[in-house]
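Visitor: Build me a structure from this.
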Amino acid sequence: MKKLLIAMSATALISFGAAANAAGDAAAGQATFSTCVGCHGANAEGGVGPKLAGQSAADIMKKLHEYKAGKQRGPMTSMMAPMAAGLSDQDIENVAAYLSTLH
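Guide: As a prediction, the model looks like this:
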């Protein structure tokens, strides 16, 4: 019973975290994303940059925060780090919320 309670608590915390990560303003995120369409496509379908549509808000936020922090993420880091550096934490939440609505 104790293990079940622990598992249920962990699941609730994970679910709450995922909901909190998608708390951004999708409309504001769409406006911010307009500077990204040259590489990621108008519908985040990919192009020069990878497809972003269909990725979770949590994954998008993690990646953008890593780029913003200057973490090397792959061959596109030199292009993405300066783009992410100009984003506020709220911008990142908003873009993630918007991208999580696309499939």
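Visitor: how about the residue nearest to the spatial centre of the chain, what does it touch?
Guide: In the chain, the C-alpha nearest the mean C-alpha coordinate belongs to residue 60, at 1.9 Å (CA atoms, centre = their mean). Counting by CB atoms under 8 Å, 6 or more residues apart in numbering, residue 60 touches 52, 92, 95-96, 99-100. In this view, the C-beta of every residue, glycine as well, is placed from N, C-alpha and C.
Visitor: and of the residues you listed, the nearest to residue 34?
Guide: The closest of the contacts of residue 60 to residue 34 turns out to be residue 95 (CB to CB; 10.3 Å).
Visitor: Low-confidence ranges, this protein, go.
Guide: Applying pLDDT under 70 to the chain picks out residues 1-22.
Visitor: sorry, back to before: so which of the contacts of residue 60 are in helices?
Guide: 92, 95-96, 99 (DSSP state H).
Visitor: Filter those down to the buried ones and express that as a PyMOL selection.
Guide: In PyMOL, this line selects whichever of those come out buried by 16 or more other CB atoms under 10 Å:
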select buried, resi 92+95+96+99
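Visitor: From residue 75, how far off is residue 91?
Guide: 24 Å (CB to CB, to the nearest Å).
Visitor: before we move on, the earlier item: among the ones in helices among the contacts of residue 60, which one lies nearest to residue 40?
Guide: residue 99 (8.9 Å).
Visitor: ok, and the residue nearest to the centre of the chain, which helix or strand is that part of?
Guide: helix 57-68 (DSSP states H and E).
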